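[1] give me a model of this one.
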Amino acid sequence: MAPLADAGDGRNGLRQSALWAWLSLLAGSGTLVCCALPALLVMLGAGAALSGLVAAVPQIVWLSEHKGWVFGTASVLMLGGGVLQWRNRTAPCPLDPDLRSACLRTRRWSQVVYGVSLLLLAIGAAFAFVLPALMSSAAG
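    Residues are numbered from 1 along each chain as shown. Model (predicted):
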């Protein structure tokens with residue numbers, strides 16, 4: 001009976017890990033919308049497109065004004081997702097071949113989604129904090 005309980009606990013842990021990975025992806029995407037997309041449009045000379053985007057989705061301005069909170073929340077979600085990914089990296093999977101396959105596939109997808117989330121957060125942070133600091137130091 002103990003292996004069945006362990007397998008169930010492993011599935012619950014994987015579900016939690018997958019949920020945190022998706023939340024991290026959502027938060028990482030929010031950092032792109034907040035800072036990277038507007039900066040990219042301006043850098044490409046598409047200020048009119050940015051103006052139209054802000055007119056259509058005025059919440060982008062709020063996200064940009066509160067980028068510290070956006071990145072703080074995203075970082076906390078990423079940290080939680082990373083802890084769960086690490087904790088569940090060796091979680092047991094069921095013995096049934098179909099369930100084991102689904103368990104391992106979910107684990108791999110969760111890791112991929114988490115990796116993409118980290119990349120999105122890094123790109124957003126570069127556009128929100130690093131590039132403006134570099135530009136201001138080069139100008140001054």
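
[2] what's the next secondary structure element after the lowest-mean-pLDDT helix or strand in the chain?
    Least confident helix or strand, the chain: helix 2-31 with a mean of 66, by mean pLDDT, DSSP states H and E. Toward the C-terminus, helix 2-31 is succeeded by helix 37-43 as the next helix or strand (DSSP states H and E).

[3] got the CA positions of that following helix in CSV?
    Provided in CSV are the C-alpha atoms of helix 37-43 (Å, rounded to 0.1, in the frame of the first residue of the first chain):
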residue,chain,number,x,y,z
LEU,A,37,7.2,45.2,-25.8
PRO,A,38,6.9,49.0,-25.4
ALA,A,39,10.7,49.4,-25.4
LEU,A,40,11.1,47.2,-28.5
LEU,A,41,8.4,49.1,-30.4
VAL,A,42,10.1,52.4,-29.6
MET,A,43,13.5,51.0,-30.4
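
[4] packing partners of the helix or strand that comes right after it?
    Sequence-wise, the next helix or strand downstream of helix 37-43 (DSSP H and E) is helix 47-56. With contacts defined as 3 or more Cβ pairs under 8 Å, 6 or more residues apart in numbering; DSSP states H and E, helix 47-56 has these neighbours: helix 37-43, helix 59-65. The way it works is simple: take the backbone N, C-alpha and C, and place the C-beta from them, glycine included.
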